[in-house]
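Asks: task: produce atomic coordinates for the following.
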Amino acid sequence: MSRKCTCQICKSKGDTDTFYKITNDKGLNKYYCSKEEFDNFQAKKEKRYNLLKYIAEEVLQLEEGQIVSPSMVKKISKLNEFYDFEVIHESFMVNLDTIHYWIKNKNFSNEYGMVSYIMKIIEGSINDIYNKWKHKKKTLIKQENHSVDLGVLNGIGSSNSMSKKTVEVYLNF
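Replies: Sure thing, here's the model as predicted:
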């Protein structure tokens with residue numbers, strides 16, 4: 001017998017028979033529209049964590065226990081409205097030397113000024129990095145779609161029922 005439930009991500013209504021169920025450490029059940037939606041949510045959460053960890057350790061070189069400035073987290077969330085966390089992370093990696101140079105050589109009066117300066121450096125290059133990332137994703141998708149299983153082709157070549165012309169069409173694809 002199913003009960004009504006709500007998706008934890010998109011808040012759509014459904015029932016416990018059709019939704020994907022996750023039981024947490026405390027034994028509480030949480031429901032999601034589908035496993036794919038849950039997996040995408042978890043992947044996005046992990047990308048965000050890795051980005052903030054990279055910023056804390058590599059970019060700002062904070063000590064254990066220090067936090068990333070809430071203003072920086074807010075600006076990153078604003079960037080994430082359009083750009084994926086992977087793009088933002090890549091942008092920080094590309095601009096790491098520039099950011100370190102300006103942190104050392106420019107006297108910032110407060111942390112907010114430093115964060116604003118860093119984010120302007122990121123915003124200045126993020127479109128170029130986004131275009132490269134988008135092109136790379138398209139290339140990977142094309143490679144996956146056009147990959148040919150050699151076992152299938154070898155099977156086709158040994159089959160007597162297909163004409164030589166049909167085999168050539170498959171091989172030239």
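
Asks: I'd like to know which elements the helix or strand hosting L51 is packed against.
Replies: Per DSSP states H and E: L51 is located in helix 35-54. Where contact means 3 or more Cβ pairs under 8 Å, 6 or more residues apart in numbering; DSSP states H and E, helix 35-54 is packed against strand 20-23, helix 70-79, helix 85-94. To be clear about C-beta, it is placed using only N, CA and C from the backbone, and glycine gets the same treatment.

Asks: where does the prediction get shaky in the protein?
Replies: 1, 147-173 (pLDDT under 70).

Asks: identify each buried residue in the longest helix seen in it, please.
Replies: If you go by DSSP state H, the chain has its longest helix at helix 111-146. Within helix 111-146, the residues that count as buried by 16 or more other Cβ atoms under 10 Å are M114, V115, I118, M119, I121, I122, I126, I129, Y130, W133.

Asks: domains of the chain?
Replies: Domains of the chain are assigned by automatic domain parsing as 1-33, 42-143.

Asks: distance to S12 added to the buried residues of helix 111-146, as a markdown table?
Replies: Putting the buried residues of helix 111-146 into a markdown table (distance: Cβ to Cβ, whole Å) gives the following:
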| residue | distance to S12 |
| --- | --- |
| M114 | 42 |
| V115 | 36 |
| I118 | 38 |
| M119 | 34 |
| I121 | 40 |
| I122 | 34 |
| I126 | 32 |
| I129 | 34 |
| Y130 | 30 |
| W133 | 30 |
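
Asks: all set, thanks.
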